[in-house]
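**Q** fold the following and give me the result.
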Amino acid sequence: MAPTIKERRESIPVIYVRGTHYDVGYDIGRTFRGLILSRIERHLNENSEIVQLVNSDVGQKIFHQSHDLVKKAMPGYLAELQGIADGAGVPFKQLFLFHIELMLFATSGVVPKRWKDESNEKFTRCTSIFVKNNKERLLGHNEDSHHWTLDHMIIVNCHIIPDKDSGDHWSFRNEERFTAACYAGELPGYCSGIAGLQEKGKGFVCSINTMISNKMDNTKLPAQFVTRRLLACSSIADVESVLSNPEFSLGEGFNINLMELKAPFTAVNFEAAPASKGGLSSRFKIRSHHVGYAAHCNCYLEFPEEDEKRAPIVQSSYARHDTIKSIAASKKQIETKQDVIDILGDTSHQQYRLFRDDAKMDVNSTVLTSIFDLVKSTWTIYTGNPKSSQPVAKLPF
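**A** As a prediction, this is how the structure comes out:
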């Protein structure tokens, strides 16, 4: 009898790669072809409606409009994604869909069946927490996604070198160094990682949370391409410059939590939202964190009017914030790595757990837990519940 293959693997593959955007993408696609093919198959099995939508008139319009926007604003990253597709031997269209799926459904007027089930949390993602005091500088993050993405995460350590042959656009001229967690078949930048390492003495650790804005705009850039751009940033000022640039105006919202690698280890979170009607640039607000702890899920704390409050992801976020406050009250202080583990591994809430691993009650899973320790310069990675499992990797930075 063949052994039973468990679904939650204790494994995270890592690739070190250097080259132009296309070359880096090609080597990632070639190396992780099996995971990419598996993810596409799972995605289509669970989400057949997206094929119908993208082949419809309205779907084709949004797809090509988004593609043209990205090609104009950041062709280097489009070349990177094309490289992944070519290396894996899969259609570029399928990988591009991963990056615009939320916007495609949310702005087309087509509501997929699984969204109509209020027990589903739709596009439910992620919990982040800072801890900063005299002894610790920590950023923890749970990456939550649909169950079909479980065991399809990778780590990419990338050195992007300038590519003068591809044109004079800035996205081909810049050098980039970063390490990031990402979903197989997607660009890095939308989960967690270490950015801006091309400038000596600079850089930051970061995590991303999806935000469901009630003002999504498919005439602006998909969020995942803008977050890929942020991996090229080396400082908080760089991030602010990107988000305020009309060239990178967002059609979706997100939150980025970041802590700079060098003293004084400045920690902030940005909440970004689509431009106001008639506006040119994304709207964003910054909150600094000096001492203590701070958490962020998938709801706007600085732009509460921006939330699509009917979305279960927002209700889930409110509940997760309440659970974190309850844990903090019971502990008196949130100040150590173990405190972060206790929060990210918590399963006490009946419906909206911080660590998600119950297929009977939840269509989503926590697919990766990251803890960045800036005192020890380590990135600890768990594929299981951090409260009850050993880390699968500890990467230095």
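
**Q** which positions within the longest helix seen in the chain qualify as buried?
**A** Using DSSP state H to define each element, the chain has its longest helix at helix 312-331. Of the residues in helix 312-331, those buried by neighbour count under the rule 16 or more other Cβ atoms under 10 Å are 312-317, 319-321, 323-324, 327-328. In this view, the C-beta of every residue, glycine as well, is placed from N, C-alpha and C.

**Q** export those to CSV and tack on distance to F130?
**A** Output for these, formatted as CSV (distance: Cβ to Cβ, whole Å):
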residue, distance to F130
P312, 26
I313, 21
V314, 21
Q315, 24
S316, 20
S317, 17
A319, 20
R320, 15
H321, 14
T323, 17
I324, 12
I327, 15
A328, 13
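
**Q** between those, which is closest to D362?
**A** Nearest to D362 among those, counting by Cβ to Cβ, is S316 at 10.0 Å.

**Q** and the pLDDT for the closest one?
**A** For S316, the pLDDT comes out at 86.

**Q** does it touch C297 like I think?
**A** Yes: between S316 and C297 there is a contact under Cβ atoms under 8 Å: 7.5 Å.

**Q** so what's the gap between stretch 347-358 and the chain middle?
**A** Stretch 347-358 sits 20 Å away from the centroid of its parent chain (Cα atoms, centre = their mean, to the nearest Å).

**Q** quick one: buried residues of that stretch?
**A** Buried, per 16+ other Cβ under 10 Å, within stretch 347-358: 347, 352-357.

**Q** identify the residues contacting the residue lying closest to C297 once chain neighbours are set aside.
**A** Spatially, and ignoring its direct neighbours in sequence, C297 is nearest to S317 (3.8 Å; Cβ to Cβ, 6 or more residues apart in numbering). Neighbour list for S317: 297-299 [criterion: Cβ atoms under 8 Å, 6 or more residues apart in numbering].

**Q** of these, which belong to helices?
**A** Going by DSSP H, the helices hold none of the contacts of S317.

**Q** what is the nearest of the residues you listed to S389?
**A** C297 (22.4 Å).

**Q** the closest one: how many residues sit nearby?
**A** C297 is flanked by 29 other residues according to other Cβ atoms under 10 Å.

**Q** next one: it from N385, what distance?
**A** C297 sits 18 Å away from N385, going by Cβ to Cβ, to the nearest Å.

**Q** in what helix or strand does N255 lie?
**A** Using DSSP states H and E, N255 maps to strand 253-260.

**Q** can you add pLDDT and distance to D27 and give the contacts of S317 back as JSON lines?
**A** Listed next are these as JSON lines, based on pLDDT from 0 to 100; distance: Cβ to Cβ, whole Å:
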{"residue": "C297", "pLDDT": "94", "distance to D27": "34"}
{"residue": "N298", "pLDDT": "91", "distance to D27": "32"}
{"residue": "C299", "pLDDT": "90", "distance to D27": "37"}
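
**Q** you'd agree L44 is in a helix?
**A** Yes: counting by DSSP: H, G, I helix; E, B strand; the rest coil, L44 falls inside a helix.

**Q** ok so, going back, among the contacts of S317, which one lies nearest to P222?
**A** N298 (17.0 Å).

**Q** contact partners for the closest one?
**A** 124-126, 209-212, 255, 313-314, 316-317.

**Q** got it, and Y300?
**A** 211, 213, 253, 271, 273, 306-307.

**Q** now do S192
**A** 141, 143, 180-181, 205-208, 368, 370, 372.

**Q** what distance do you get for it to N133?
**A** Note on S192: its distance to N133, by Cβ to Cβ, is 21 Å.

**Q** do I50 as well
**A** 45 Å.

**Q** those two: which is more packed in?
**A** I50 (21 against 15).

**Q** sorry, back to before: identify, from the contacts of S317, the entry nearest to T31.
**A** N298 (30.8 Å).

**Q** can you tell me the closest non-neighbouring residue to the closest one?
**A** S317 (4.5 Å).

**Q** buried among the contacts of Y300? Make that a PyMOL selection.
**A** In PyMOL, this line selects whichever of those come out buried by 16+ other Cβ under 10 Å:
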select buried, resi 211+213+253+271+273+306+307
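
**Q** how about the contacts of Y300 in JSON lines, adding secondary structure, pLDDT and distance to P391?
**A** Converted to JSON lines, the contacts of Y300 look like this (DSSP: H, G, I helix; E, B strand; the rest coil; pLDDT from 0 to 100; distance: Cβ to Cβ, whole Å):
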{"residue": "M211", "secondary structure": "strand", "pLDDT": "89", "distance to P391": "29"}
{"residue": "S213", "secondary structure": "strand", "pLDDT": "84", "distance to P391": "34"}
{"residue": "G253", "secondary structure": "strand", "pLDDT": "93", "distance to P391": "31"}
{"residue": "E271", "secondary structure": "strand", "pLDDT": "96", "distance to P391": "30"}
{"residue": "A273", "secondary structure": "strand", "pLDDT": "94", "distance to P391": "35"}
{"residue": "E306", "secondary structure": "helix", "pLDDT": "75", "distance to P391": "35"}
{"residue": "D307", "secondary structure": "strand", "pLDDT": "69", "distance to P391": "34"}
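
**Q** helices or strands next to the helix or strand hosting E143 in the packing?
**A** Using DSSP H and E, the element containing E143 is strand 137-146. Where contact means 3 or more Cβ pairs under 8 Å, 6 or more residues apart in numbering; DSSP states H and E, strand 137-146 is packed against strand 127-132, strand 204-211, strand 253-260, helix 337-344, strand 364-373.

**Q** tell me the angle the helix or strand that that strand is followed by makes with strand 137-146.
**A** Downstream of strand 137-146, the first helix or strand assigned by DSSP H and E is strand 153-160. With axes from the mean of the first three to the mean of the last three Cα atoms, to 10 degrees applied, the angle from strand 153-160 to strand 137-146 works out at 120 degrees.

**Q** C-alpha coordinates for strand 153-160, PDB please?
**A** In PDB, the C-alpha atoms belonging to strand 153-160 read as follows (Å, rounded to 0.1, in the frame of the first residue of the first chain):
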ATOM      1  CA  MET A 153       4.700  28.700  -1.900                       C
ATOM      2  CA  ILE A 154       8.300  29.400  -2.800                       C
ATOM      3  CA  ILE A 155      11.200  31.700  -1.700                       C
ATOM      4  CA  VAL A 156      13.100  33.600  -4.400                       C
ATOM      5  CA  ASN A 157      16.400  35.300  -3.800                       C
ATOM      6  CA  CYS A 158      16.800  37.600  -6.800                       C
ATOM      7  CA  HIS A 159      19.500  39.900  -8.200                       C
ATOM      8  CA  ILE A 160      18.100  41.800 -11.100                       C
END
